[in-house]
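> sharing a model prediction with you, sequence too.
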There are 2 protein chains.
Amino acid sequence: MGTTKSEIFNENQNQISLIAKAFAHPARVAILQQLFKLNTCICGDLVNEIGLAQPTISQHLKELKNLGIIKGTIEGTSSCYCIDDKVWKEMKQLFINFLNQDTNPKIKCC
Amino acid sequence: MGTTKSEIFNENQNQISLIAKAFAHPARVAILQQLFKLNTCICGDLVNEIGLAQPTISQHLKELKNLGIIKGTIEGTSSCYCIDDKVWKEMKQLFINFLNQDTNPKIKCC
DNA sequence: ATTATTTATCGTATTATTGCAATAAAATAA
DNA sequence: TTATTTTATTGCAATAATACGATAAATAAT
């Protein structure tokens, strides 16, 4: 108990929920929006832009990086992050397929 | 500490993360897919289709209902759920706008 | 009236997430 | 070499999320 039972769901369902989890925190949404806006951004700038402590931002960056949505390179003492376009496109397509599902409005109970 | 600091983010960022949270569990993804497939579904059928205990499914249904994505009506002893098409369309648009962000591949650090 | 069916709610155990202070690590500047 | 700068990691506290047994509540069937 307390743990998600991923094994009883199919690959598609688990993938969608994993990607959704990445978007399920406003800080990570803000980080992604900033990366899209500037194309490239160093960690310190994200800390200034968003109002969370540096370790907290680092943690959110790590989660996004582990999922593959963003990439990071070290430049001197600072580290620079940007969107992985290939991964983003794949995730986008998976999500759009999910969102594009449609109902038959004639068959409804409520 | 331990709580998301929603107050430092804008409306759009909070909305996207809230919707994403609804999709951030495979059981809720499965419930929504089943509702799209059958257009209408009673709770017990979802319990059989997905392999989680009845109280767990009821809880996930409640979360989706609280967010407005699904509606429910009581029919005798059973209760019937379906997608709220209007709300789904709004959420879909908000999410697609977020997913459609694009980068300038020329400006990259990694 | 009694029993069965179905769902919602409550209580609780377990795990996950969020946030930050303290600190380590690694490159740069003085 | 000795600061300084910048980021990652560790450790911890607090809150949120997941799951389910037990039970209530409300309608159906016998």
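All right, it came through fine. Residues are numbered from 1 along each chain as shown, chains lettered A, B, ... in the order given.

> separation between the residue nearest the centre of chain A and DNA strand C?
Taking C-alpha atoms, centre = their mean, the centroid of chain A lies closest to residue A:22, which sits 3.5 Å from it. Note on residue A:22: its distance to DNA strand C, by C-beta to the nearest atom of the strand, to the nearest Å, is 9 Å. Backbone N, C-alpha and C define where each C-beta goes, glycine included.

> quick one, what contacts the residue in chain A positioned nearest to DNA strand D?
Residue nearest to DNA strand D within chain A: residue A:44 (2.6 Å; C-beta to the nearest atom of the strand). Residue A:44 makes contacts with A:54, A:78, as judged by C-beta atoms under 8 Å, 6 or more residues apart in numbering or on different chains.

> would you mind confirming that residue A:101 is in contact with residue B:29?
No: Residue A:101 is beyond contact range of residue B:29, at 10.8 Å (criterion: C-beta atoms under 8 Å).

> and those two? Which one has more around it.
Neighbours were counted for residue A:101 and for residue B:29 using other C-beta atoms under 10 Å in any protein chain shown; residue B:29 has more, 22 against 14.

> mind checking the SS state of that one?
Per DSSP: H, G, I helix; E, B strand; the rest coil, the local secondary structure of residue B:29 is helix.

> same deal with residue A:72?
Quick answer, by three-state DSSP: residue A:72 is strand.

> how about it: what's its closest non-neighbour residue?
Leaving out its chain neighbours, the residue that sits closest to residue A:72 by C-beta to C-beta, 6 or more residues apart in numbering or on different chains is residue A:81, at 4.7 Å.

> could you do residue A:35 as well?
Per C-beta to C-beta, 6+ apart, closest to residue A:35 is residue A:83, 5.2 Å.

> give me the phi and psi for that neighbour.
Residue A:83 has phi and psi values of phi -70, psi 140 when expressed as degrees, to the nearest 10.

> partner residues bridging the closest residue to residue A:43 other than its chain neighbours?
Excluding the flanking residues, the one nearest residue A:43 by C-beta to C-beta, 6+ apart is residue A:79, at 5.4 Å. In this entry, residue A:79 is beta-bridged to residue A:74, by DSSP bridges.

> and the pLDDT at residue A:79?
We have a pLDDT of 96 for residue A:79.

> and for it, the neighbour number?
Other residues within reach of residue A:79, judged by other C-beta under 10 Å, total 16.
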